[in-house]
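> model the following, please.
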Amino acid sequence: MKLSKKYVIGTHVMWFEIGMYEDFLNGLVNLLTNIDEDSLYNVQVDICFNMSEVIEKIDTDEITPEQLKFKFEELTDIFHIKLGASLKVTKRIIKKDECYFHTDYRRDLNYNYCKKVDYVMWGETDSFFPKEAFQVIETLAKYTDEQNIHKYLLSFADRKMWDASWDPLVHIDYRDVVFVDDDKGHLNPNQAKSQLSIETMNEINAKVDEFDFSYVQQPKISGACLVLSADLIKFGVNIPSCLLYNDDEGLSIMCEKLLGQNFMQFICQNILHVHARRHPQKRMYVKDEDNPHSFIDKKNNNFQEYLLLSKHNISILHLGKGKFKEYEDFKKVLESK
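Model (predicted):
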């Protein structure tokens, strides 16, 4: 496939996600091998490996920081070799004592690339873009260019998600599934939290002859595999710098505040992406924690404090009153403990 547009795929990888990282890279290989070698110049992959131990500590009885870095570098290099020199891969490593996380990375990704590419694509370590992603984007782009629509989001369909308000994002084959939110929900392959192989995703999507698009005019954002048009970001829509966490919610708020009734989020209803929110290797090697599926209530006390500060900031962003908390406030909380 030849590409007419330019893209960046940006992904933030925490050190405790290293167990999922090879699968994620295999998902990118599945996506990018569709592209003609000459068109690979239109795609850049940006990866941030985060070694920060401000919130979680590495259990050095299981793995060392050096081993984690080596594994990241090795897997990234193997991925790059598979795709060839036409693909530009940018990588950086966040240091142990830095307060820089997922939300910070995505904010910077949007800002730094919106003048270099046509679309910013949010990767996530527990997710697979559909093999057809670029075909979907380029098909939609022909329509939006013709209609003079330039500020928008694009979501690929997911499996059954929570309550009915999320149904616009649910793949047409999964809409009649009943979502069961219990301790075993993440094992149900019909629900969005569970694992699904690249091969199964490909089989589901291979049945499609023509892409089926819909749209919503109120944000319904799940961040994994989200596509942002560069003009949306240039218009000022980004994750506000007050946010420490909750990047997709922050983006939703700013879409509403800045675009109002002019907001557009397209959904390709019959092309599935995978977001295994409860991947069995999502949170590994964390000291004094046994929570590989990353249940939020089982994360350590430092994370719970971090989450409280972020919720405080979300509330102020909604209300427009009050003072935002910052990383310095978080550090003071940790020091007081």
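> okay, now the residue lying closest to Asp59 once chain neighbours are set aside: neighbour count?
Distance criterion C-beta to C-beta, 6 or more residues apart in numbering; nearest residue to Asp59, sequence neighbours excluded, is Lys287 at 4.2 Å. Every residue, glycine included, has its C-beta placed from N, CA and C. By other C-beta atoms under 10 Å, 13 other residues sit near Lys287.
> next, count neighbours for Asp182.
8.
> actually Asp108, not the one I typed
Neighbours of Asp108 (other C-beta under 10 Å): 17.
> is it in a helix, a strand, or coil?
With DSSP: H, G, I helix; E, B strand; the rest coil as the basis, Asp108 sits in helix.
> let's number from 548 now, not from 1
Yes, from this point I'll number from 548; that puts the last item at Asp655.
> for Cys661, see how far away it is.
Separation of Asp655 from Cys661 (C-beta to C-beta, to the nearest Å): 11 Å.
> identify the residues contacting the residue nearest to Asp606.
Lys834 makes contact with Glu603, Lys604, Ile605, Asp606, Thr607, according to C-beta atoms under 8 Å, 6 or more residues apart in numbering.
> low-scoring stretches of the stretch 748-884 of the chain, by residue?
With pLDDT under 70 as the threshold, the stretch 748-884 of the chain has no low-confidence stretch at all.
> what are the boundaries of the strands in the stretch 548-697 of the chain?
554-561, 590-597, 635-641, 666-669, 674-675 (DSSP state E, counting those that start in this stretch).
> can you show me the CA trace of the third one as PDB?
In PDB, the C-alpha atoms belonging to strand 635-641 read as follows (Å, rounded to 0.1, in the frame of the first residue of the first chain):
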ATOM      1  CA  LYS A 635      12.500   6.000  11.100                       C
ATOM      2  CA  VAL A 636      12.500   4.900  14.800                       C
ATOM      3  CA  THR A 637      13.100   7.400  17.500                       C
ATOM      4  CA  LYS A 638      13.600   6.200  21.100                       C
ATOM      5  CA  ARG A 639      14.500   7.700  24.400                       C
ATOM      6  CA  ILE A 640      14.800   6.600  28.000                       C
ATOM      7  CA  ILE A 641      13.400   8.400  31.000                       C
END
